[in-house]
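>>> With the input below, show me the fold.
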Amino acid sequence: MNAALFRKELRELLPWGVLGLALGLSNIVELLLEQIDLAPLGQTFRLLNDYDVAIYWFVAFAIGTGLAIREHDDRTLGFLDGLPVSRSRVFFVKCAVMSVLVLVAPLLDILALGTLHLLSRGSLDHALHGALLLQALALQALLVVNGLMLGAAFGRLRSLTWLVAGLAATAVILLVQNVPRAALLNPLTLLSWEWTSAGINVGGETVRTQIAATAIAALVAWHGFVRAGKVRRPLKVSGPIAGAVVVVATIAIGVVMLVLIVAPMAQAPPVNAQDGDGDYRYQFAPSAPAQTLTRHYRFSYPANESEAALKLAGEADAIFERVHALLGLPPGDVIDVDASGSAPNTHGTAFLGRLRMQLNSEVDAVLAHETVHVAAQRVAGEERAWLWQAADVLSEGLASWIETRFRDRVERVDERMLVLAAMHTRRELIIEELADPFFMQTVRDQNVKYAAGEALIAALVKVYGEDALARLLQAFDDPRLPSDLGGVPLWQSTFQLAGFDLGAVVDEFYRAVTDYAALHADRVAALPRPRVVLVRDGRAFGAIVALDPPHAENADAYTFVMRFRPAPDSELRDYREFPAVVNRPVWPGARNMFGGRVCVQPGVNVGAEVLYEPWTCLPTSDAVDVNDLRSEQNPPDEGAP
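Now for the predicted structure:
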């Protein structure tokens with residue numbers, strides 16, 4: 001009997017399913033019109049909680065308005081009562097069929113984004129992030145089912161449905177302006193989530209509120225369905241005058257809602273994001289793309305940055321030729337440069353044959369750095385370039401060693417050596433750890449790969465000469481190199497194939513760091529070691545940089561930073577960094593916390609470099625109330641009341 005009911009409802013509601021299919025296919029067509037190889041999942045994922053998704057809620061609401069009353073108004077309820085099934089079973093079958101149909105479009109969106117990502121993924125964002133897609137689908141499912149149930153509850157009012165729904169929405173908007181917490185009542189707050197590689201961050205209270213609202217609406221709709229026909233006079237407005245009044249009132253309330261929504265948007269400044277200090281960065285309309293071609297590069301850049309781009313293009317060929325000369329490699333094919341930006345927390349990102357970069361300061365050095373990556377990947381071979389990337393410290397070290405020759409600040413090498421000397425003194429500069437990218441990402445500051453890698457390449461050049469660079473790269477393309485190696489075994493095998501002794505290079509690396517540490521022992525000893533105290537203020541969690549003696553008395557001599565990530569294995573793009581002041585809390589926001597813990601890493605600025613402590617993930621249950629902490633730091637005067 002359930003199957004027969006299911007087929008009946010499917011036939012009657014099929015047009016709504018076709019509408020959902022059309023909406024989903026239109027989004028797929030829009031995605032296919034874009035250049036998908038430049039749009040990894042990290043860029044397209046935002047489409048899953050864009051306010052265009054609100055259309056699905058309105059479609060679900062419209063479908064739901066007929067759920068509890070259509071059978072009664074069409075006079076088919078008597079036929080259903082003659083079947084050996086209860087009205088409750090009929091109602092739940094209707095809900096199931098309608099839910100499946102309204103989920104067609106969101107499901108197509110998820111499948112389209114996942115499929116396009118699989119077809120176009122690159123080294124910047126290779127993982128599919130299936131768990132993230134499922135979480136997004138679950139939130140979208142809650143949103144559309146919420147619309148369906150609310151439509152069914154309001155649908156009992158028949159011709160007054162849209163008028164009363166508009167009045168309710170207007171009341172919520174006005175209430176939110178006076179009581180911000182009332183925003184929880186707005187179903188579209190389910191779209192107010194952010195995503196990281198660790199998971200989707202959405203307010204738990206928002207989800208619970210909307211689940212409760214959906215359940216209450218479903219209960220109202222169910223009551224209306226099982227009681228349909230048992231009430232002599234269902235609520236209905238009849239007559240042309242009454243109908244006209246309802247239509248005019250509905251239009252009027254719609255206009256009021258539009259004004260209430262648009263007015264605050266027109267008064268507020270356009271913003272893109274909020275930084276750690278509470279200041280806003282304004283959002284500008286994207287400029288039309290422009291292009292220029294040199295002998296070795298094809299530049300694409302925003303038109304409003306043409307001056308910086310054309311200046312870089314004028315120097316680019318000389319950079320290209322010098323980089324290849326330092327590497328001992330013949331010039332390669334033209335490199336495509338997308339100068340519109342890079343991945344978060346990076347100045348540039350290299351791919352096989354193309355690169356992306358920011359047009360900020362020291363663009364010559366950034367272009368040289370990324371050109372090294374492209375050239376190295378080409379030498380290592382397209383099929384085995386991933387082995388060179390697996391030797392992350394060597395890869396970034398080679399690029400940094402050449403980049404230094406294009407930098408204006410010669411002090412950068414001294415600052416990097418000071419960081420290495422401090423780590424070596426603290427027994428944190430271990431070659432086995434440097435060769436393990438996963439360990440570096442989860443425990444250390446993975447940016448130390450630039451300083452450590454540069455020092456290793458400098459040691460290689462000192463021991464074997466500059467010709468060693470090309471030989472090392474060619475060793476990664478040697479078919480005799482096993483493809484399942486990683487860490488120190490990978491380094492040992494490639495060095496052996498290139499004719500080098502890894503031990504001799506490592507000894508020279510440590511000798512240079514040790515000599516620097518001995519020569520600058522006072523500077524190394526003076527560097528403070530910040531620790532973290534987790535604090536809370538109500539439901540917000542933050543962290544404080546604390547110093548122990550003797551550095552606590554001289555805290556003003558250094559500046560500090562603190563960065564957060566959602567999970568112990570979060571990617572670099574998910575990091576958020578804040579300037580920090582000793583004994584002053586930093587509030588990173590809920591986006592940086594998952595699973596009841598805060599992953600934090602304090603550091604001290606060393607010129608343009610940062611000497612970070614190891615990552616630590618602290619449970620929020622251990623947080624100290626910030627008001628109690630302030631009372632301890634500022635006790636009342638003796639004898640004060």
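
>>> From here on, just use CA atoms for contacts and neighbour counts.
OK.

>>> Which residue ranges of the stretch 301-450 of the chain form strands?
335-338, 348-350, 354-357 (DSSP state E, counting those that start in this stretch).

>>> Could you tell me the least trusted of those?
When the strands of the stretch 301-450 of the chain are ranked by mean pLDDT, strand 348-350 comes last with a mean of 85.

>>> For it, name the packing helices and strands.
strand 354-357, helix 363-380 (3 or more Cα pairs under 8 Å, 6 or more residues apart in numbering; DSSP states H and E).

>>> do you know which of the strands of the stretch 301-450 of the chain lies nearest Val610?
Closest approach to Val610 among the strands of the stretch 301-450 of the chain (Cα to Cα): strand 348-350, 19.0 Å.

>>> Name every strand pairing with the closest one and say which way it goes.
strand 354-357 (antiparallel) (DSSP bridges).

>>> From the rest of the structure, what touches the strand it pairs with?
The contact list for strand 354-357 (Cα atoms under 8 Å, 6 or more residues apart in numbering) reads 335-342, 347-350, 366-367, 370-371, 374.

>>> Run through the residues that contact Leu481.
475, 493-494, 497.

>>> any chance of those in a markdown table, with neighbour count and pLDDT too?
Listed next are those as a markdown table, based on neighbours: other Cα atoms under 10 Å; pLDDT from 0 to 100:
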| residue | neighbour count | pLDDT |
| --- | --- | --- |
| Ala475 | 21 | 91 |
| Ser493 | 20 | 94 |
| Thr494 | 24 | 94 |
| Leu497 | 17 | 94 |
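
>>> related to what we said a few turns ago, drop anything exposed from the contacts of strand 354-357.
Among these, those classed as buried by 16 or more other Cα atoms under 10 Å are 335-342, 347-350, 366-367, 370-371, 374.

>>> ok, back up a step: quick one: the helices and strands packed on strand 348-350 as JSON lines, columns for distance to Gly542 too.
Supplementary listing: the helices and strands packed on strand 348-350 in JSON lines, determined by distance: least, Cα to Cα, whole Å:
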{"stretch": "strand 354-357", "distance to Gly542": "33"}
{"stretch": "helix 363-380", "distance to Gly542": "34"}
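
>>> Tell me which of those is the most buried.
helix 363-380 (a mean of 24; mean count of other Cα atoms under 10 Å).

>>> which residues touch the lengthiest strand in the chain?
Taking DSSP state E as the criterion, the chain has its longest strand at strand 597-606. The contact list for strand 597-606 (Cα under 8 Å, 6+ apart) reads 415, 418-419, 527-532, 545, 558-568, 592-593, 610-620.

>>> any idea where the helices of the stretch 501-641 of the chain begin and end?
Per DSSP state H, counting those that start in this stretch, the stretch 501-641 of the chain carries helices over the ranges 502-519, 521-526, 626-633.

>>> could you dump the ones you listed to TSV with mean neighbour count and distance to Gly381?
What follows is these, written out as TSV (neighbours: other Cα atoms under 10 Å; distance: least, Cα to Cα, whole Å):
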stretch	mean neighbour count	distance to Gly381
helix 502-519	17	23
helix 521-526	14	41
helix 626-633	12	55
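
>>> export those helices to CSV and tack on distance to Gly204 and mean pLDDT?
Output for the helices of the stretch 501-641 of the chain, formatted as CSV (distance: least, Cα to Cα, whole Å; pLDDT from 0 to 100):
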stretch, distance to Gly204, mean pLDDT
helix 502-519, 49, 96
helix 521-526, 45, 93
helix 626-633, 23, 70
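
>>> what bits of the stretch 151-300 of the chain have low per-residue confidence?
177, 180, 194-199, 228-250, 253-288 (pLDDT under 70).

>>> which residues of it fall in helices?
Under DSSP H, counting those that start in this stretch, the stretch 151-300 of the chain gives helices at 161-178, 204-226, 240-267.

>>> Packing partners of the shortest one?
Contacts defined by 3+ Cα pairs under 8 Å, 6+ apart place helix 161-178 against helix 130-155, helix 240-267.

>>> and the first one, what does it pack onto?
Right, helix 130-155. Secondary elements touching helix 130-155 (3+ Cα pairs under 8 Å, 6+ apart): helix 54-64, helix 87-102, helix 104-120, helix 161-178, strand 199-201, helix 204-226.

>>> Pick the most buried one from the ones you listed.
Highest mean neighbour count among the helices and strands packed on helix 130-155 (mean count of other Cα under 10 Å): helix 54-64, a mean of 22.
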